[in-house]
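In: Quick one, fold the following:
(one chain, ligands or ions: 2)
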Amino acid sequence: MIAEGTLPVSAVPGFHLLAKPVGAACNLSCKYCFFLSKENLYAERESPLMDEATLDSYIRQLLESSAGPEVQVAWQGGEPMLRGLDFFRRSVELASRYRKPHQRILHTIQTNGTLIDDTWAAFFKQHNYLVGLSIDGPRALHDAYRIDKQGEGSFDDVLRGWNCLQKHSADVNVLCTIHAANADHPLEVYRFFRDELKAQYIQLIPIVERATEHTITLANQGWGGLKGKDRPLYKQEGNLVTERTVPSEKFGQFLSAIFDEWVQRDVGKVYVTTFDVALGSWLGQHNACIIAPTCGGALVLEHNGDVYSCDHFVEPKHRLGNLKETPIKTLITSEKQRRFGQSKYDTLPKYCKECPVLFACYGECPRNRFIETPDGEAGLNYLCAGYKAFFTHIGGPMKTMAGLLRKGRFADEIMTLPTDIQENT
Ligand code: SF4
Ligand code: SF4
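Out: Numbering: from 1, shown residues only. Ligands and ions are numbered 1, 2, ... in the order given. Sure, this is the predicted structure:
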């Protein structure tokens, strides 16, 4: 199971924890980043830094409760690197101390990249970190929303970080969000990653920022520029979206345009998570929470030990408890979390249950289900039109690649087949 925004997992089979060493604190002020508002959950005078005792308890419990041979220690923010290199050195030490003989550790970190220098890059390489780096495309598209505290674009700082990682041959996964500013430029974005950055792993994630009548005006100003009481806690509520949110149809067109280029020349060379996961669906597997029938296996650990049901539901009603009071294993296997995951399927509208691409979509993530179906049923996904068009568009080639894999051949053989065979196999 792949949790959105990260890579494969462990901690009790099928579970994944994203840990936040500095809570929501960040050195950038990206306009669409509603995670910045999560600092409102904690008192202003409370430090957002994860302390040594919480780190120790977390790593120990994670390794104790993991059943599989691979355990992922995953860090995210805010900007996790603000916690400093010594913290991550300690995390690696603790992981090797508490590791059982058969366990393999995979360290991952999702970062905005602006603080990466040679020392960090060498550390990531030495410990085989998988580094997720957020870049939204070439300069103008990236800088549209990814700005620093002074309102300046962050592109140059991110590129410097990228180049450091390349110099040290660290493993990097580009995480690109799709929003109103870059949605009309799919090939410009994709070719920038492939041809200029030489990126091999790309993750594409839609920006959908929900708002209510009450919050829309503030939300449109951008979460990074708001402070304290002016910045409401972002919750998954309301059926309005900000101006930065990607329009649903454009999201589908964006994915389809990149897919068409990828399937002609890049299969087996460039890994686009959305396409890999979709191929899994055509093979009868559900390799990401958002397209699985049920979810609940991607939880979040906050800096103070609080555990929430999902990174997209860090809000009071989805707090499961604190690992210093209740073992992680108890929290992730709790009835409350089971119900959270089961509701992904139970709340699917009839329209989805009758959809020809249900097997590839399953109504996507519940956080985006806030529009009505054509016959007025609540709970349809805001991105439905885009997903439906995309999954329909890729059906022919996906069937072909799945067929090749089932015969023990390779998916990249599709690039040697004439287009009309790709489409109709
Ligand atoms: S709510 Fe469920 S589907 Fe959505 S990101 Fe969280 S775990 Fe995945
Ligand atoms: S494409 Fe639309 S109707 Fe079909 S499963 Fe996805 S959200 Fe539901």
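In: hey, let's count contacts and neighbours off CA atoms from now on
Out: Fine.
In: Below-threshold pLDDT in the stretch 101-250 of the chain: ranges please.
Out: For the stretch 101-250 of the chain, the stretches with pLDDT under 70 are 225-231.
In: Smallest gap between it and ligand 1, at which residue?
Out: Gln236 (10.2 Å; CA to the nearest ligand atom).
In: show me what contacts Trp162?
Out: Contacts for Trp162 (CA atoms under 8 Å, 6 or more residues apart in numbering) come out as 113, 116, 133.
In: count of neighbours near whatever residue of the stretch 101-250 of the chain ends up closest to ligand 2?
Out: Ligand 2 sits closest to Ser248 of the stretch 101-250 of the chain, with a gap of 10.6 Å, by CA to the nearest ligand atom. The local packing of Ser248 (other CA atoms under 10 Å) involves 20 other residues.
In: Over to Asn128?
Out: Asn128, neighbours per other CA under 10 Å, totals 16.
In: right, is the helix or strand where Tyr345 lies up against ligand 2?
Out: If you go by DSSP states H and E, Tyr345 is part of helix 335-346. No. Helix 335-346 is not in contact with ligand 2 by CA under 6 Å from any ligand atom; minimum separation 10.7 Å.
In: neighbouring contacts of whichever helix or strand comes after that helix?
Out: Next helix or strand after helix 335-346 toward the C-terminus (DSSP H and E): helix 350-353. Applying CA under 8 Å, 6+ apart, the external contacts of helix 350-353 come out as 358, 362-363, 373, 380.
In: Can you list the buried residues in helix 350-353?
Out: Residues 351-352 are the ones in helix 350-353 that count as buried (16 or more other CA atoms under 10 Å).
In: Relative to the whole chain's centre, how far out is it?
Out: Relative to its chain's centre, helix 350-353 lies at 26 Å (CA atoms, centre = their mean, to the nearest Å).
In: And ligand 2, is that helix touching that?
Out: Yes. Using CA under 6 Å from any ligand atom, helix 350-353 reaches ligand 2 at 351-352.
In: And the helix or strand immediately after that helix in the chain, how far out from the chain middle?
Out: Under the assignment DSSP H and E, the closest C-terminal helix or strand after helix 350-353 is helix 358-361. From the chain centre to the centre of helix 358-361 is a distance of 19 Å (CA atoms, centre = their mean).
In: could you show me where the strands are in the stretch 1-150 of the chain, in order?
Out: Taking DSSP state E, counting those that start in this stretch as the test, the strands found in the stretch 1-150 of the chain are 16-19, 70-75, 104-111, 130-134.
In: Quick one: mean pLDDT over the helix holding Tyr345.
Out: For helix 335-346, the mean pLDDT works out to 96.
In: Would you mark the buried spots in it?
Out: 336-338, 340-341, 343-345.
In: swap in stretch 90-99?
Out: For stretch 90-99, by 16+ other CA under 10 Å, it's 91-92, 94-96, 98-99.
In: next one: stretch 411-418
Out: For stretch 411-418, the neighbour count (16+ other CA under 10 Å) marks 411-412, 414-415 as buried.
In: Can you add pLDDT and give those back as a markdown table?
Out: As requested, the buried residues of stretch 411-418 are exported to a markdown table (pLDDT from 0 to 100):
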| residue | pLDDT |
| --- | --- |
| Ala411 | 97 |
| Asp412 | 96 |
| Ile414 | 97 |
| Met415 | 96 |
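In: Throw the residues you listed into JSON lines and include secondary structure and distance to Gln150, thanks.
Out: Below are the buried residues of stretch 411-418 laid out as JSON lines (DSSP: H, G, I helix; E, B strand; the rest coil; distance: CA to CA, whole Å):
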{"residue": "Ala411", "secondary structure": "helix", "distance to Gln150": "46"}
{"residue": "Asp412", "secondary structure": "helix", "distance to Gln150": "46"}
{"residue": "Ile414", "secondary structure": "helix", "distance to Gln150": "48"}
{"residue": "Met415", "secondary structure": "helix", "distance to Gln150": "46"}
